[in-house]
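Chemist: pasting the structure only:
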């Protein structure tokens, strides 16, 4: 990420955008810390008060931590004080009794982590002792040094003071103190849980608090980034063997003292954790395997310490904006096992998007490429319009501006890598946006589908839509569409237990990188990406498209008889996926120069139209002649899979089986005994109309050489013909 974050830093520096200073050793409290106790120290170093810190105060706390050393001024307790198996930690009398009778553990007699915390405190004392504004912090360091000389005595004081406050009702819950004394409760399997207690050291009640933004900034400016090297340098100076360190050339220009420590880490949203700026050679605890290459950390790329801090600050500034503006979590096309539910869940990547000349736009730039969780029908068009207006404004102000896009993917717990890094011009992005929406809507025939009422992800109601049209997809929605293999014709009927059966299976698909190659027409990349996505789309989405539109063709007779319609086995989410997949077909065909005006006149599309019309004639015949008894699959739907392999063979089979239905449609008559709303009357009239649509189409096909095999483009055209509304009726 070095190149990308350096460009980001330069862009922010050029525009004089102030970033919050970061420090690789100053971090907030981890999310795993469930129990937090504030320990207030008096001037003599004795414990004056013990408090449970509420959840809303956690954000203001911070600590200095390096690797697995003891932190300061917040100390993590990794072992309980007492050996007290079976004691309940939420019982005050049991805790008091165990404190008096149970033996102390060895941890009380050890100096870790107190020795490491004292060393950090000593370093800060040397840096802050002459700064008047740090007087409170200096006082805490002195009190902390006195208190931790005998760790067992300090822990006893904390426990004793906590028990007194518990009896007085000043501590609201005994759980925090219980974990300090006896540890976490054992699990059902008999194993002891992991400690999640942290001790936050602070001044007395009347002396204020050290956890202020001003003190944190002061500490951030004076604290060395490598405490071990700081101690070594100080030792050399005291021994008189110090020498000025020579300045060297950085890979990003400029002279200075090169970084000789791990690269700074940034907490990246979506990926869940801290990741170094150059994790491919990370020497962190979570990526020890990199040591085998011998090019760990700073040995990989020479860079000065100030430059590394600048890049850390810039990336931190960018990913702390509102989600959707400069960053967005997007689908990766891959899945991982959820440890809680033991089911597959989607892995997500982090997409960064900003204009180099204007990083802050009045639009959610990153949302144009990713959908997030809550989707409505018109949201993409709304997002696209707002983003295009903002980008157009940036283009007018900065004609040569570029949109920087880079995709960060988590490789392991300690590594993240750049999966995509592109900087297309804003002008090209605007042109791609127009082409994307045009091809999704205008390069597909008239296709409609009924959407039943539903709800959004935040439980808001969605009204029914009688004739829903294809939905323009977000780029990462294409990733999700291609990461599912539909089975059972895409339907989701109930099993014997009354539960809906799963209509698809999660499979590995292409990532957002390939979709952006197509969207932005990246030279040398978009053509193979388009062909691969079309191949996968036909393989994975065809069962859903044939199943749902075949069920729509057969809708009616079963409903009139009070029998369950297969059309209702398709939930709204599946239908919306089908409509988005149709729009994707339009985008891919447009990229491969197959336009609607041309392919609608070609044989594959017309074969699909004939099969759709055959479905309707077959249904009408069954309503009148077979008294509404329909087979499991109508004739056109049954022949669709054969047509995708061999259109000529499918039409030959159809011609033999359709003779009876065509003969009936030519002579069918409406009985005067049938009511006006009778299904038979409607079926006869519909069959006559379909026959008038059917005959001109078949006559044109009679003079056409039908293909005996299909490539992917022809399969897409045939599918669209089957899904589209019938051709216009010809009066001649």
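Modeler: In hand now; what should we look at? Predicted model, so just to flag it, every value in this text is computed and none were measured.
Chemist: residue 593 versus residue 510, what's the distance?
Modeler: 21 Å (Cβ to Cβ, to the nearest Å). (Glycine included, C-beta is placed from N, CA and C.)
Chemist: and the two? Which one has more around it.
Modeler: residue 510 (19 against 8; other Cβ atoms under 10 Å).
Chemist: and that one, its phi and psi?
Modeler: Main-chain torsions, residue 510, degrees, to the nearest 10: phi -70, psi 150.
Chemist: show me what contacts residue 402?
Modeler: Residues near residue 402 by Cβ atoms under 8 Å, 6 or more residues apart in numbering: 355, 356, 357, 423, 424, 425, 426.
Chemist: show me where the stretch 101-250 of the chain has its helices.
Modeler: 114-128, 135-147, 151-168, 175-182, 213-222, 227-239 (DSSP state H, counting those that start in this stretch).
Chemist: what's the answer for the stretch 351-500 of the chain, then?
Modeler: Assigned by DSSP H, counting those that start in this stretch, the stretch 351-500 of the chain shows helices spanning 379-397, 426-442, 475-482.
Chemist: which stretch in these has the least confidence?
Modeler: Mean pLDDT per stretch puts helix 379-397 lowest among the helices of the stretch 351-500 of the chain, at a mean of 83.
Chemist: name the helices or strands packed onto that one?
Modeler: Applying 3 or more Cβ pairs under 8 Å, 6 or more residues apart in numbering; DSSP states H and E, we find helix 379-397 packed against helix 426-442.
Chemist: what number of residues lie near residue 103?
Modeler: 8.
Chemist: contacts only, for the residue nearest to it when sequence neighbours are not counted.
Modeler: Closest residue to residue 103 apart from its sequence neighbours, by Cβ to Cβ, 6 or more residues apart in numbering: residue 83 at 5.1 Å. When contacts are counted by Cβ under 8 Å, 6+ apart, residue 83 touches 102, 103, 104, 105.
Chemist: got a ChimeraX select line for the buried ones in the residues you listed?
Modeler: Only the buried entries of the contacts of residue 83 go into this ChimeraX selection, using 16 or more other Cβ atoms under 10 Å:
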select :102,105
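Chemist: top helix in this protein by residue count?
Modeler: helix 526-553 (DSSP state H).
Chemist: elements contacting that one?
Modeler: strand 449-451, helix 475-482, strand 484-486, helix 512-519, helix 572-591, helix 603-624, helix 635-645, helix 712-723.
Chemist: what angle sits between that helix and helix 712-723?
Modeler: Interaxial angle of helix 526-553 relative to helix 712-723 (axes from the mean of the first three to the mean of the last three Cα atoms, to 10 degrees): 20 degrees.
Chemist: buried residues in helix 526-553?
Modeler: By 16+ other Cβ under 10 Å, the buried positions in helix 526-553 come out as 526, 529-531, 533-534, 536-538, 540-553.
Chemist: could you do stretch 416-427 as well?
Modeler: 416, 418, 419, 420, 422, 424, 426, 427.
Chemist: what's the answer for stretch 469-482, then?
Modeler: For stretch 469-482, by 16+ other Cβ under 10 Å, it's 469-482.
Chemist: for stretch 334-346, same thing?
Modeler: For stretch 334-346, the neighbour count (16+ other Cβ under 10 Å) marks 334, 335, 346 as buried.
Chemist: closest one of the residues you listed to residue 57?
Modeler: residue 346 (33.9 Å; Cβ to Cβ).
Chemist: phi, psi of that closest one?
Modeler: phi -70, psi 130.
Chemist: and residue 520, by the same measure?
Modeler: When read as degrees, to the nearest 10, the backbone of residue 520 gives phi -90, psi 0.
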